[in-house]
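Student: Okay, predicted coordinates and the sequence, questions at the end:
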Amino acid sequence: MASDSVTFKDLDLPRVLNTSQTDFVDEFYEPLLSRSIEYKRGVGYFTSNWLQSAARGVAELADNDGTAKWITSPKLTEEDWEAIKKGDEARSDQVLHETLEETINDLRYDLEYDTRNAVAWMIADGLLEIKFAIPTESLSGGDFHDKFGIFYDADGNRVGFHGSQNDSEQALRNYEAYSVDCDWLGTRDAEGVDSHEQRFEDLWKDRDPNVDTYSIPDGIAEDIAELRDYDNRPYTPFEDPDDQPTMEENDEITLRDYQREAVDNWFENNCHGLLRMATGTGKTFTALAALDEYLEQQHSPTICVIAVPVTHLATQWAEEMDIFGFPSPRFLFGTANSDWKSDLSRVVSNIKLDFRDREFIITTHKTLSEEYFREKISSIDGNNVLIADEVHGLGSEEQRKGLLDEYNARLGLSATPERHYDEEGTEFLLDYFGGIVYEYSLADAVPEYLTPYDYEPIIVEMTAEELEEYQQESKKLASAAASDKIEQEVVEHLAMKRASIVKSAENKYRHLRRILQQIDNPDHLLVYTNPDQIDDVQRILNEEGIVHHKFTYHEDEDQRDELLEGFDAGGWDALVAMKCLDEGVDVPATRQAILMSNSGNPMQFIQRRGRVLRQAKGKDKATIYDMVVVPSKNPGDDVSGSERKLLEKELDRFAEFAENANNKHTALNVIDDIRVKYRI
């Protein structure tokens, strides 16, 4: 875990470390990443599972305004290799683009929220670049199989490492080892780091004559960047101010009943507490109502601090504060106010000298935890209030420093206050804020504040050919996984190859056509696909006479605005999207959604459900059609454990969707039938 130090020299790093004696995540990656301002990594293979494990370290690298450069190997089929070896530039470019797109899609959809958000923001801000290396010339046909890296801290110290371990979850379980060079320990170590640094630069700049290095295509980089959560609300879009209660003509704020209860519970808990409320139910408005009433009862000088996870949210809070008649807040963080330290000093002086009895500050989680900010707030003997938006972000070891005892009143907001992989951080937040004082779930919000919905799980059976191929790949996978001689990247390549059979199941198109014919006059329909499906899906929509348009990263911002306006007005019956719901695009007019392609990431399907359930004029119900592929609807007794595990994950998603549906029991019956047949 990270300590207060921001340099490497306080770390006791051995010359050689191995997985038998060292927890590589807790004792190597996280301590170094959390102290780093730059990280260069060349690795033959890495998966999102490793990034999930190292989520806190990656996020803390971003917190340090750190930069990262990663070189890895794309996953190419034998056919792809042949196309590249033939030297057909156009075909090679197409193969690489498609392969990189698939690689990045797998990476981004499988990441846990904190890591995905950090990676996306780092790419958007130019802090992270990923390149792919392919051996050529004398190494043609081989893989980029190296494993090395260099960490840099703020004092210019460097740590280089090299070893057998890939960045994958399995590698963290293998017996693996690293040799470690620390450049401050002597000439030999410094030369070792220099060597790694030179190799990395040669690869990065495509100077190695036997390795070609490719950047991520701009469109794919933008695709990842747009996955960042502008307001850091997990699985959900911005809260639309138009959906919130507003000031009545008599200038009194009218709260919904549940918002009133939330405010009352906070006061009953001595003005401490966390509100766990579903997005769209007005967390921001509820918090400001609580602040308004709190200030009415207080007569001592008060500083009100609102801490937001990202700068974009500051404006939204300021706009809603205006509804309550609060004075314009000061934005005290670097990107909005380079002179924020001087302004904070004046704010504190105004309170101390009784020049002002109220001061309102909006800052970021990061600035809240900075030493200067903490010192100034701690110097005030008066009454301080803290409202923490997306409070789970303040549970990291570094950012929780901003949660001072000097905040007399404390209110934390989040739909998901628990922190993944961080029980310690979760417990700290619960203790500091005084526990969760109010909860308002999706089930509570339907149907009054979110649209009721029907849920139709669609079981898609493999064709005979697909089943035969699937079973063959399953046998190969089982054999490889059981072997001590086969490397983990081979095992994971086989797993991906088998997964692609599921992903591209032919019968999905038959079910799509049936659903379209079943829907009476389809309108305001969203169809979610993947890159391999989109052309066939559009062809079927054309054949069924449905006026539609694709909605992907290829469309620019103006086109997207036009498409959404046309969709809302009924100009398009349908939009065919690959990632619409993962971009923060709000489509409340949606009445039906067909999910042909899903990841196992709960972020994705919770977002999709939430967007479909947004209320809109004339919309009294939504319908969600969700496809899952099974090897067979009537399996034999030889079902493998891996097949059960794959299906169990999918069926859990089905159950999550079904739980609050109008037709809950009918939907669950479909799921339970498959569970029984597969003994899940």
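Tutor: Nice, I can see it. Not measured: the values here are computed from a predicted model.
Student: Residue 664 and residue 455, how far apart?
Tutor: Applying C-beta to C-beta, to the nearest Å, the value for residue 664 to residue 455 is 8 Å. C-betas here are computed from N, CA, C, even on glycine.
Student: Looking at these two, which is more packed in?
Tutor: The neighbour comparison of residue 664 against residue 455 (other C-beta atoms under 10 Å) goes to residue 455, with 24 against 15.
Student: for residue 458, which residues make a bridge with it?
Tutor: residue 627 (DSSP bridges).
Student: could you say what helices and strands the helix or strand that contains residue 148 packs with?
Tutor: Assigned by DSSP states H and E, residue 148 belongs to strand 147-153. Counting contacts by 3 or more C-beta pairs under 8 Å, 6 or more residues apart in numbering; DSSP states H and E, strand 147-153 packs against strand 36-43, strand 158-163, helix 187-204.
Student: what's the most buried one of those?
Tutor: Highest mean neighbour count of those: strand 158-163, a mean of 22 (counted as mean count of other C-beta atoms under 10 Å).
Student: neighbouring contacts of that strand?
Tutor: Here strand 158-163 makes contact (C-beta atoms under 8 Å, 6 or more residues apart in numbering) with 8, 13, 32, 147-152, 176-183, 189, 192-193, 195-197.
Student: Could you tell me how far residue 446 is located from residue 262?
Tutor: From residue 446 to residue 262 the distance is 18 Å (C-beta to C-beta).
Student: Comparing these two, which shows the higher neighbour count?
Tutor: residue 262 (28 against 17).
Student: hang on, the more buried one in a strand?
Tutor: No - membership of residue 262 in a strand is not supported by DSSP: H, G, I helix; E, B strand; the rest coil, which gives helix.
Student: residue contacts, it?
Tutor: Residue 262 is in contact with 275, 277, 286, 290, 437, 438, 440, counting by C-beta under 8 Å, 6+ apart.
Student: Tell me the bridge partners for the last one.
Tutor: The one in question is residue 440. residue 277.
Student: do you know how far the residue lying closest to residue 615 once chain neighbours are set aside is from residue 524?
Tutor: If the residues on either side of it in the chain are set aside, residue 615 comes closest to residue 451, at 5.4 Å by C-beta to C-beta, 6 or more residues apart in numbering. Distance of residue 451 to residue 524, given as C-beta to C-beta: 12 Å.
Student: returning to what we had before: mean confidence for the strand holding residue 148?
Tutor: For strand 147-153, mean pLDDT is 89.
Student: Spatially, which residue comes closest to residue 425, not counting chain neighbours?
Tutor: residue 395 (3.2 Å).
Student: Then residue 670?
Tutor: That would be residue 457: by C-beta to C-beta, 6+ apart, it lies 4.8 Å from residue 670.
Student: Dump stretch 364-374 to CSV, restricted to CA.
Tutor: Only the C-alpha atoms of stretch 364-374 are listed here, as CSV (Å, rounded to 0.1, in the frame of the first residue of the first chain):
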residue,chain,number,x,y,z
THR,A,364,-12.0,18.3,-6.3
HIS,A,365,-11.3,15.1,-4.3
LYS,A,366,-7.7,15.5,-5.1
THR,A,367,-7.3,19.1,-4.0
LEU,A,368,-9.4,18.4,-0.9
SER,A,369,-6.6,16.0,0.2
GLU,A,370,-3.7,18.3,-0.6
GLU,A,371,-1.6,19.4,2.4
TYR,A,372,-2.2,23.2,1.8
PHE,A,373,-5.9,22.7,1.6
ARG,A,374,-6.0,20.6,4.8
